[in-house]
Every structure is written in structure tokens, then in C-alpha cells.
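[1] Could you look at this predicted model? Sequence included:
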Amino acid sequence: MMTREDFIAKAETLEGQELLAFAFTEYGNQAAIGTSLQKTGSVIIDLAFKTGVPFSVFFVDTLF
């Protein structure tokens, strides 16, 4: 597993979808998307789905 600094250095070179694929490939079940299903969370889930890499999502109920 990469160090935090190595991950940040790598992440700075990637676009959004590439970054998600990299994170889920590198960290597997230790990485997940947290969302309250607002616009940005939905977009991130869509981008992650398009990577073809398995990932987990957890939902936060904001009472809205």
C-alpha cells in the first residue's frame, strides 16, 4: 500500500475518473464513496461506475 504522500503525488496527476479507478484499485474495500445523494454525490457514483472497478457506497441521511 502506498504512503499518504505517494498517494497525493499520484492523485495530483489524474483526472476524476482515473483517480477513482486508481483509489478503488489501490485500496479495494478500504475505499468507498460517501454521499447524501445530492448532485455531486450522484456524479461521483456515475464516474466510479464507468471505471468498471468494483466499489462501495455509503449513504448519509441529512434529513432533507
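    Nice, I can see it. Numbers count the residues shown, from 1 in each chain.
[2] Ends of stretch 57-64, what's the gap?
    19 Å (C-alpha to C-alpha, to the nearest Å).
[3] One more: stretch 26-45?
    18 Å.
[4] Which stretches in this structure count as strands?
    For the chain, the strands defined by DSSP state E occupy 32-35, 56-59.
[5] so of those strands, which one's packed in deepest?
    Mean neighbours per residue, mean count of other C-beta atoms under 10 Å, is largest over the strands of the chain for strand 32-35, with a mean of 14. For the C-beta atoms, the positions are set from N, CA and C on the backbone; glycine is no exception.
[6] which residues make contact with that strand from outside it?
    For strand 32-35, contacts defined as C-beta atoms under 8 Å, 6 or more residues apart in numbering pick out 41, 42, 44, 45, 48, 55, 56, 57, 58, 59, 60.
[7] okay, residue 31: pLDDT?
    pLDDT recorded at residue 31 is 93.
[8] How about residue 37?
    So residue 37 comes in at 86 (pLDDT).
[9] which residues does it contact?
    residue 59.
[10] quick one: it from residue 22, how far?
    Separation of residue 37 from residue 22 (C-beta to C-beta, to the nearest Å): 24 Å.
[11] Check residue 59 too.
    Distance of residue 59 to residue 22, given as C-beta to C-beta: 24 Å.
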